[in-house]
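Chemist: this one's structure only:
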């Protein structure tokens with residue numbers, strides 16, 4: 001009987017840790033806990049009304065996903081990603097997204113392609129209005145649709161981990177230098193390749209889309225660095 005109760009307690013503990021992990025991840029994605037910030041376990045325990053055990057388990061999972069890092073003798077911090085690291089992550093993300101595009105070109109139905117085309121039209125409207133707040137959720141929905149419909153759960157899991165790590169970088173890079181319209185022209189090429197059921201073209205369009213986003217990122221960071229240098233002079 002005691003072993004059964006212990007198993008039930010363990011399941012409850014793990015379920016609680018998963019809920020806490022999701023909430024802390026949401027706070028990081030929303031910017032309420034910023035890159036470089038220390039995560040206070042005691043404050044989280046008080047906030048959620050739990051012991052520190054589930055908090056620590058949740059943070060270990062977030063560390064495995066690359067969102068936080070443990071610094072010995074200092075605590076757990078939201079991970080700060082350097083430009084070099086971001087570029088490396090973009091390269092891996094491009095490879096995965098290229099594969100997702102190839103798989104979608106091979107397997108998507110007419111109805112599924114019509115859904116992608118609907119998103120493209122909505123994004124074009126937002127891009128023309130320079131409505132970033134309207135464009136960005138549609139952009140995420142388009143990418144999620146492609147990943148979800150690739151039919152490869154392992155690809156999807158690794159891709160989403162990379163997207164979480166690049167969340168803030170990607171948001172900044174989109175709005176640089178007419179980024180909305182440029183980004184959506186790339187989306188249109190991706191969807192046209194899928195609609196043509198051309199795996200090679202789809203792979204190239206999806207791979208190049210992410211690599212061009214990486215280029216926009218580096219341009220943004222270079223411009224920001226130059227502007228900061230001017231201010232300090």
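Modeler: On my side now, so go ahead. Please read these numbers as outputs of a predicted model, since none were measured by experiment.

Chemist: Could you pull out the helices in the protein for me?
Modeler: Ranges of helices in the chain, per DSSP state H, are 2-29, 41-48, 52-64, 83-107, 110-128, 132-148, 153-165, 167-174, 179-195, 199-232.

Chemist: can you tell me the average pLDDT over the last one?
Modeler: Same thing as helix 199-232. The pLDDT scores in helix 199-232 average 79.

Chemist: That one: how far from the chain's middle?
Modeler: From the chain centre to the centre of helix 199-232 is a distance of 16 Å (C-alpha atoms, centre = their mean, to the nearest Å).

Chemist: So which elements touch it?
Modeler: The contact analysis (3 or more C-beta pairs under 8 Å, 6 or more residues apart in numbering; DSSP states H and E) places helix 199-232 against helix 83-107, helix 167-174, helix 179-195. The C-beta positions use only the backbone N, C-alpha and C, and glycine is treated the same way.

Chemist: tilt between it and helix 83-107?
Modeler: Orientation note: helix 199-232 sits at an angle of 160 degrees relative to helix 83-107 (axes from the mean of the first three to the mean of the last three C-alpha atoms, to 10 degrees).

Chemist: Give me the buried stretch members for helix 199-232, please.
Modeler: If you call a residue buried by 16 or more other C-beta atoms under 10 Å, then helix 199-232 has these buried ones: 199, 201-214, 216-217, 220-221.

Chemist: How about the second one?
Modeler: The neighbour-count check on helix 41-48 (16+ other C-beta under 10 Å) flags 44, 45, 48 as buried.

Chemist: From the contact counts, what lies against it?
Modeler: Under the contact criterion of 3+ C-beta pairs under 8 Å, 6+ apart, helix 41-48 touches helix 2-29, helix 52-64.

Chemist: how about low-confidence regions in the chain?
Modeler: Low-confidence segments of the chain, defined by pLDDT under 70: 1-14, 168-178, 223-233.

Chemist: can you list the domains in it?
Modeler: Domain assignment for the chain by automatic domain parsing gives 2-78, 83-224.

Chemist: how far away is the spatially most central residue of the chain from residue 22?
Modeler: Residue closest to the average C-alpha location in the chain (C-alpha atoms, centre = their mean): residue 163, at 2.2 Å. From residue 163 over to residue 22 the distance is 16 Å, taken as C-beta to C-beta, to the nearest Å.

Chemist: and what of residue 93?
Modeler: Residue 93 is 22 Å from residue 22, by C-beta to C-beta.

Chemist: Residue 136 now?
Modeler: Distance, residue 136 to residue 22, by C-beta to C-beta: 21 Å.

Chemist: who's more crowded, the two?
Modeler: The neighbour comparison of residue 136 against residue 22 (other C-beta atoms under 10 Å) goes to residue 136, with 17 against 13.

Chemist: how close does that one sit to residue 189?
Modeler: Applying C-beta to C-beta, the value for residue 136 to residue 189 is 20 Å.

Chemist: Check residue 45 too.
Modeler: Going from residue 45 to residue 189 by C-beta to C-beta gives 49 Å.

Chemist: Then residue 90?
Modeler: 18 Å.
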